[in-house]
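Undergrad: model the following, please.
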Amino acid sequence: MTKASAPRSRKVRVLATLGPASNSPEMIENLFAAGADAFRINMSHGDQASKIPVIEAIRALEKKYGRPTTILADLQGPKLRVGRFAGGKVMLETGQTFVFDRDSTPGDAARVELPHREIFEAIEPGARLLLDDGKLVLRVTDNDAERIEALVEVGGRLSNNKGVNVPDVVVPMAALTDKDRSDLAFALEQHVDWIALSFVQRPDDLAEARKLIQGKASLLAKIEKPAAIDRLPEIIEMCDGVMVARGDLGVELPPQDVPPLQKMIVEESRKQGKPVVVATQMLESMITSPTPTRAEVSDVATAIYDGADAIMLSAESAAGEWPVQSVAMMNSIGEAVERDPRHGDRVHFTVTRPDPTTADAIAEAAKQIARTVSATAIICFTASGSTARRVSRERPSVPIMVLTPKMETARRSGLLWGAYAVHTRDVDSFEEMVAKAKRMALRHHLAQAGDRVIVIAGVPFKTPGSTNVLHVVRIIGDELKNHSD
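TA: Numbers count the residues shown, from 1 in each chain. So this is what the prediction gives:
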């Protein structure tokens with residue numbers, strides 16, 4: 001039997017993006033050892049075949065370390081781009097008029113093709129068109145079904161196929177492109193745990209992905225469009241988790257608007273009990289430097305104080321020069337913030353009121369009892385993972401051990417605040433539940449002789465959604481004798 005590795009000492013999760021700098025089995029293991037709890041595979045880059053050995057390397061960690069691994073496949077989503085220019089690039093001068101049309105002829109300094117019918121249908125005078133990640137700003141002055149005339153407010157160099165952002169209108173595009181559907185089918189064949197959907201604008205955008213996934217993975221909505229903010233509670237209700245994708249959000253909105261929106265998204269996600277990931281440019285300078293700026297460290301710490309479930313590295317771990325150091329820094333910041341005696345109070349600035357259900361009442365009570373009796377862990381027996389999510393929403397002061405007979409549940413828990421998942425056989429009786437809770441707490445270094453743990457389960461056993469038992473257990477010390485799980 002593989003010896004189980006000890007749980008992390010922090011509760012916030014670290015999500016590391018894999019890429020050219022970190023795709024090898026050796027680097028993936030190094031990132032895991034440095035503190036990565038979950039791995040993001042960006043489907044925007046590389047072909048599907050190149051992802052297979054990466055996924056196999058992540059799963060190999062399960063056997064070596066006795067801990068479920070977590071994989072998030074991030075779909076590219078619809079990319080809006082201008083066409084091509086006769087000379088490859090042009091210079092747009094501030095104050096000039098520029099035209100977007102449906103003509104595929106290479107463009108010049110006066111016009112270019114915009115090969116997206118949906119933009120022509122949605123755009124209206126006064127709306128902005130942001131080009132090349134917002135470096136150029138144009139405002140629509142006139143339009144029809146074939147032509148958009150715009151005034152250049154912020155000029156600059158524009159080259160072939162640069163991206164277009166349309167922040168002021170909802171563009172009626174399907175959230176899933178043909179490439180996304182193919183990548184989604186591939187990801188499900190590879191048994192990834194989470195699917196991230198890009199450029200969500202409305203709750204309906206999640207419906208097709210949910211239908212295609214058929215419960216085979218959890219669905220995460222990336223909030224990176226201003227339109228999504230208008231219907232945020234509905235979007236969060238429709239998905240299993242949320243990502244604050246600050247890159248595109250910061251392109252379509254003034255930078256100063258992003259921090260309050262980040263806090264709002266984190267707060268609403270926590271209220272609904274959905275895992276929330278804060279992402280993009282968290283340690284951006286570590287792409288080329290072995291140390292981050294103090295401002296970046298403060299940014300990461302703020303997300304942790306706000307109670308985010310996970311913090312994410314993008315290019316820092318995927319393509320940067322210091323991927324392992326970036327993960328280690330995230331890990332160190334998490335540990336330092338959670339050692340702060342004020343961390344617990346700040347995490348609870350967001351009030352998460354329980355729903356009027358037995359399961360929510362037990363989850364809230366577990367947090368209070370753990371503090372009152374100085375328990376060292378809360379142990380959840382769960383098949384679907386819903387009990388663990390409810391307890392995690394309460395942000396208890398102790399780790400949450402998730403004991404589940406379903407490997408997919410154990411793996412999906414990797415983005416859940418405070419969760420330490422163990423794939424193990426189910427129990428059939430109250431006595432067996434108590435005995436197994438004691439053994440697992442000892443074996444996984446969450447308790448020692450004399451400690452108390454809180455045990456949560458549902459009776460009758462093996463009945464999903466029946467959480468109705470809370471039991472306080474004292475560890476004796478000889479529970480590991482002659483037992484294997």
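Undergrad: hmm, who's touching the helix or strand of the chain with the lowest mean pLDDT?
TA: Least confident helix or strand of the chain, by mean pLDDT, DSSP states H and E, is helix 246-252 with a mean of 89. The contact list for helix 246-252 (CB atoms under 8 Å, 6 or more residues apart in numbering) reads 130, 133-134, 165, 167, 199, 223-226, 258, 261-262, 278-281, 314. Any C-beta I mention is one placed from the backbone N, CA and C, and that applies to glycine too.
Undergrad: can you flag which of those belong to strands?
TA: Leu130, Asn165, Ile223, Val278, Ala279 (DSSP state E).
Undergrad: near the closest residue to the first one other than its chain neighbours, how many other residues are there?
TA: When the adjacent residues along the chain are set aside, Leu130 lies closest to Asn165, with 4.1 Å between them (CB to CB, 6 or more residues apart in numbering). When counting by other CB atoms under 10 Å, one arrives at 22 neighbours for Asn165.
Undergrad: quick check: Asn165 vs Thr97, distance?
TA: 20 Å (CB to CB, to the nearest Å).
Undergrad: ok so Glu432 is a helix residue?
TA: Yes. Counting by DSSP: H, G, I helix; E, B strand; the rest coil, Glu432 is part of a helix.
Undergrad: any idea how far it lies from Ile362?
TA: Distance of Glu432 to Ile362, computed by CB to CB: 20 Å.
Undergrad: of these two, who's got more company?
TA: Relative neighbour count places Ile362 above the other of Glu432 and Ile362, with 23 against 13, counting by other CB under 10 Å.
Undergrad: my read is that that one contacts Ile456, right?
TA: Yes. If you go by CB atoms under 8 Å, Ile362 and Ile456 touch, sitting 6.0 Å apart.
Undergrad: mind listing what's buried along stretch 235-243?
TA: Ile235, Ile236, Met238, Cys239, Asp240, Gly241, Val242, Met243 (16 or more other CB atoms under 10 Å).
Undergrad: can I get these in a markdown table including pLDDT, distance to Gly66 and secondary structure?
TA: Converted to a markdown table, the buried residues of stretch 235-243 look like this (pLDDT from 0 to 100; distance: CB to CB, whole Å; DSSP: H, G, I helix; E, B strand; the rest coil):
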| residue | pLDDT | distance to Gly66 | secondary structure |
| --- | --- | --- | --- |
| Ile235 | 97 | 36 | helix |
| Ile236 | 97 | 33 | helix |
| Met238 | 96 | 35 | helix |
| Cys239 | 97 | 30 | coil |
| Asp240 | 98 | 26 | coil |
| Gly241 | 98 | 25 | strand |
| Val242 | 98 | 30 | strand |
| Met243 | 98 | 29 | strand |
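Undergrad: state the pair within those that is farthest apart.
TA: Met238 and Met243 (14.3 Å; CB to CB).
Undergrad: Leu232: neighbour count?
TA: 18.
Undergrad: look up how far Gly465 lies from Ile400.
TA: Distance from Ile400 to Gly465, by CB to CB: 18 Å.
Undergrad: now Met407
TA: 20 Å.
Undergrad: what do you get for Ser289?
TA: 49 Å.
Undergrad: returning to what we had before: write the PyMOL selection for whichever of the contacts of helix 246-252 are buried.
TA: Typed into PyMOL, the next command selects the buried ones out of these (criterion: 16+ other CB under 10 Å):
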select buried, resi 130+134+165+167+199+223+224+225+226+258+261+262+278+279+280+281+314
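Undergrad: which residues are in contact with Glu268?
TA: Contacts of Glu268 (CB under 8 Å, 6+ apart): Leu232, Pro233, Ile236.
Undergrad: could you dump those into TSV and include distance to Trp322?
TA: Formatted as TSV, those follow (distance: CB to CB, whole Å):
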residue	distance to Trp322
Leu232	35
Pro233	39
Ile236	34
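Undergrad: closest to Asp309 among those residues?
TA: Asp309 has its nearest neighbour among these in Ile236, at 12.9 Å by CB to CB.
Undergrad: name the nearest residue to the closest one, ignoring sequence neighbours.
TA: Counting by CB to CB, 6+ apart, the residue nearest Ile236 is Gln272, at 5.1 Å.
Undergrad: contact partners for the one you found?
TA: Pro233, Ile236, Glu237.
Undergrad: quick check: pLDDT value at the spatially most central residue of the chain.
TA: Residue closest to the average C-alpha location in the chain (CA atoms, centre = their mean): Val277, at 4.0 Å. What the model reports as pLDDT for Val277 is 98.
Undergrad: do you know how far it is from Val137?
TA: For Val277, the distance to Val137 - CB to CB - is 29 Å.
Undergrad: give me the mean pLDDT for whichever strand or helix holds Val327.
TA: Per DSSP states H and E, Val327 falls inside helix 323-339. On average, the pLDDT along helix 323-339 is 98.
Undergrad: may I have the next helix or strand after that helix exported as CSV, CA atoms only?
TA: Once the chain leaves helix 323-339, the next helix or strand it forms, by DSSP H and E, is helix 343-347. C-alpha atoms of helix 343-347 as CSV (Å, rounded to 0.1, in the frame of the first residue of the first chain):
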residue,chain,number,x,y,z
HIS,A,343,-7.0,35.5,9.2
GLY,A,344,-10.0,33.6,10.6
ASP,A,345,-11.8,36.8,11.4
ARG,A,346,-11.2,38.3,8.0
VAL,A,347,-12.2,35.2,6.2
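Undergrad: what comes into contact with the helix or strand following helix 343-347?
TA: Counting by DSSP H and E, the next helix or strand C-terminal to helix 343-347 is helix 358-372. Here helix 358-372 makes contact (CB under 8 Å, 6+ apart) with 354, 375, 378, 386-387, 390-391, 393-398, 454, 456, 465, 467-470, 472.
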